[in-house]
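K.L.:
with the input below, show me the fold.
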Amino acid sequence: MTLSHLKAATGALAIGTALLGGALAHAAEEPTYGGKLEIINYYPTLSALTWDPADSVWKMNNDAGHIYESLIAGDLSKAQSRGGKFNFEPDAWLAPEAQRGELAESWEVRDDPLRVEIKLREGIMFPAKEGVMDARELTAEDVVYSLNRQMASKRAPANLYEFVDRIEATGPHTLTVFMKHYNSEWDYRLGFGYYTQIYPKEVVDKGINDWR
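P.N.:
I've put the predicted structure just below:
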C-alpha cells in the first residue's frame, strides 16, 4: 500500500468512526417533548381544530386518518403504477374490486332481511395510553359505537345514513348493518369515507379532540 493509499484509508476510518460515534450519541439522547403542531389548511371554511369524526369535517380524514383506521381501504396493489387498472383518482369512490379490508376481514350483502355482514380481523389492538386506557383488542362493539355515534351526530350530513335501520354486534368480531333499502354507496358511507374512522369509547370519554 502506498503512503497516499494509507492516508486515504486512515481518513475514511476516521470519518466512519466519527459518524458511528455521532449516531451512538444521538441514539442515547432523551426524546424532547413539547413544541408546536401546525396543520396546513387550504380551505379557510373548514376547521383544523377537530380530531373528532363526529364533527363531520371532511378534512379531519386527512389530518387524523392515519391515526384512526376504517373498515375498508383502497387496495393500492391494484394501482396502474403497480400494473393494475385503477388510477384511484375519483373523489370519494372506490370500485368494489379496488377495495381491501382494513379493520374488516370480509363483508357480504345478504337478503331477508337486507343487511351487510362484516367480519373483523382478530388481534387488532388499541395501544395503551396512560390516563386514557389500557391496551385492548378491537371488538365489534367498538365499530358499532363509532358508527352509531357518527350517525347520531347533529353535524352529520343530511340523509347520509338514511338507508341504515340499525347496526348490531353479532359476535365479538362480527357486526351486521341492517338496511331499510339498498344503497350502492353503503361501503363509502360506512366503510371508507370521510367519517368512517373507528375508535374506542375510552378516547371519547377522555376527550377525543385532544390530539395527544
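
K.L.:
for residue 159, give its distance to residue 185.
P.N.:
Separation of residue 159 from residue 185 (CB to CB, to the nearest Å): 11 Å. (C-beta placed from N, C-alpha, C; glycine too.)

K.L.:
more neighbours, those two?
P.N.:
Per other CB atoms under 10 Å, whichever of residue 159 and residue 185 has more neighbours is residue 185, with 13 against 7.

K.L.:
which residues does residue 73 contact?
P.N.:
By CB atoms under 8 Å, 6 or more residues apart in numbering, residue 73 lies in contact with 99-102, 192.

K.L.:
switch to 10 Å and redo it
P.N.:
Counting by CB atoms under 10 Å, 6 or more residues apart in numbering, residue 73 touches 65, 94, 99-104, 191-192, 196.

K.L.:
tally of neighbours for the closest residue to residue 173 other than its chain neighbours?
P.N.:
Nearest residue to residue 173 in three dimensions, chain neighbours excluded: residue 120, at 4.3 Å (CB to CB, 6 or more residues apart in numbering). Neighbour count of residue 120, defined by other CB under 10 Å: 26.

K.L.:
which residues does residue 120 bridge with?
P.N.:
Beta-bridge pairing for residue 120 (DSSP bridges): residue 104.

K.L.:
against residue 178, how distant is it?
P.N.:
Noted for residue 120: a distance of 17 Å to residue 178, by CB to CB.

K.L.:
what do you get for residue 154?
P.N.:
Distance, residue 154 to residue 178, using CB to CB: 23 Å.

K.L.:
between the two, who's got more neighbours?
P.N.:
Here residue 154 and residue 178 are compared on neighbour count by other CB under 10 Å; more neighbours surround residue 178, at 13 against 7.

K.L.:
so that one belongs to a strand, correct?
P.N.:
Yes - read with DSSP: H, G, I helix; E, B strand; the rest coil, residue 178 is one of the residues of a strand.

K.L.:
which residues does the closest residue to it other than its chain neighbours contact?
P.N.:
Distances taken as CB to CB, 6+ apart put residue 165 closest to residue 178, at 4.3 Å, once the chain neighbours are dropped. By CB under 10 Å, 6+ apart, the contact list for residue 165 reads 113-115, 177-181.

K.L.:
just send those back as TSV, with distance to residue 55 too.
P.N.:
Rendered in TSV, the data for the contacts of residue 165 read as follows (distance: CB to CB, whole Å):
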residue	distance to residue 55
113	32
114	30
115	29
177	22
178	26
179	25
180	26
181	28
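
K.L.:
just the buried ones from those residues?
P.N.:
Buried members of those, scored by 16 or more other CB atoms under 10 Å, are 114-115, 177, 179.

K.L.:
and which of these is nearest to residue 29?
P.N.:
When the buried ones among the contacts of residue 165 are ranked by distance to residue 29 (CB to CB), residue 177 comes first, at 49.1 Å.

K.L.:
need the contact list for residue 109.
P.N.:
Contact partners of residue 109, counting by CB under 10 Å, 6+ apart, are 115-117, 177, 179, 182, 186-187.

K.L.:
need those residues in a markdown table (columns: pLDDT, distance to residue 129 and secondary structure).
P.N.:
Shown next, in a markdown table, are the contacts of residue 109 (pLDDT from 0 to 100; distance: CB to CB, whole Å; DSSP: H, G, I helix; E, B strand; the rest coil):
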| residue | pLDDT | distance to residue 129 | secondary structure |
| --- | --- | --- | --- |
| 115 | 98 | 34 | strand |
| 116 | 98 | 31 | strand |
| 117 | 98 | 32 | strand |
| 177 | 98 | 29 | strand |
| 179 | 98 | 35 | strand |
| 182 | 97 | 39 | coil |
| 186 | 97 | 32 | helix |
| 187 | 97 | 30 | helix |
